[in-house]
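**Q** take this sequence and fold it.
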Amino acid sequence: MNTLQPPPVAETLPGSLPRPEVAWQEALSDGTQVTIRALQPADKELERRFIRGLSPQSRRFRFFETMAAPSESLLAQLTALDPLRDTAYLALVGTGAEAHEIGVARFSAEAGEPECEFAVTVADEWQRKGLGTALMAHLISAARARGIHAMHSSDSSDNDSMRQFAGHLHFQKSPDPDDPTLTLYSIKLG
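**A** As a prediction, the model looks like this:
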């Protein structure tokens, strides 16, 4: 059973990036209003500050390594999306120059493939407020619009936040047959 409530209208066309002018206001469980919109190449500095602001453990869970700050090449990779493969959304509080990234979700799929890999990262102080669920709903909507039928993620087995998130959203869970330190999570979009 899928507990996600995806946005009512698909925000992408097959083979395209999310429309940059589309943004949604979402209320978190504590009443905070956040803006969710497509990630753009100009968001490199937002991404840099977001990654630097994550706890060392959250950076390790997201990137499978501990780093103090992202490299320029990583930032370029994260913000230069291929419209045939990638979709990514930012969650922001504040507006204009005061905008502050508090979460990001993305998927990547080979063109024409029926499944994709996804990742969701929420700033430590914004976790457990429904932000990850809201971001995932937008990812699922975009994936369905592209004809993707399944999504999967590979995460550190000691990532308790991901285990709780995946359980809340009724993802399938299995050990990685090639690496006992990883757990695989998946969801069918049928």
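**Q** what residues sit buried inside the lowest-mean-pLDDT helix or strand in the chain?
**A** Lowest on mean pLDDT, DSSP states H and E among the helices and strands of the chain sits helix 56-63, with a mean of 89. Within helix 56-63, the residues that count as buried by 16 or more other CB atoms under 10 Å are Ser58, Arg59, Arg60, Phe61, Arg62. For glycine as for every other residue, the C-beta is placed from the backbone atoms N, C-alpha and C.
**Q** adding distance to Ser161, write those out as JSON lines.
**A** Listed next are those as JSON lines, based on distance: CB to CB, whole Å:
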{"residue": "Ser58", "distance to Ser161": "8"}
{"residue": "Arg59", "distance to Ser161": "13"}
{"residue": "Arg60", "distance to Ser161": "12"}
{"residue": "Phe61", "distance to Ser161": "7"}
{"residue": "Arg62", "distance to Ser161": "11"}
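**Q** ok, the residues you listed vs Glu72, which is closest?
**A** The closest of the buried residues of helix 56-63 to Glu72 turns out to be Arg59 (CB to CB; 16.5 Å).
**Q** give me every residue that touches that closest one.
**A** Ile51, Glu65, Thr66, Met67 (CB atoms under 8 Å, 6 or more residues apart in numbering).
**Q** determine the longest helix present in the chain.
**A** Ordering each helix of the chain by length in residues (DSSP state H) puts helix 131-145 first.
**Q** centre of the chain to that one, how far?
**A** Centroid separation for helix 131-145 versus its chain: 8 Å, with CA atoms, centre = their mean, to the nearest Å.
**Q** not counting sequence-adjacent ones, nearest residue to Leu135?
**A** Spatial nearest neighbour of Leu135, excluding adjacent residues (CB to CB, 6 or more residues apart in numbering): Ala105 at 3.7 Å.
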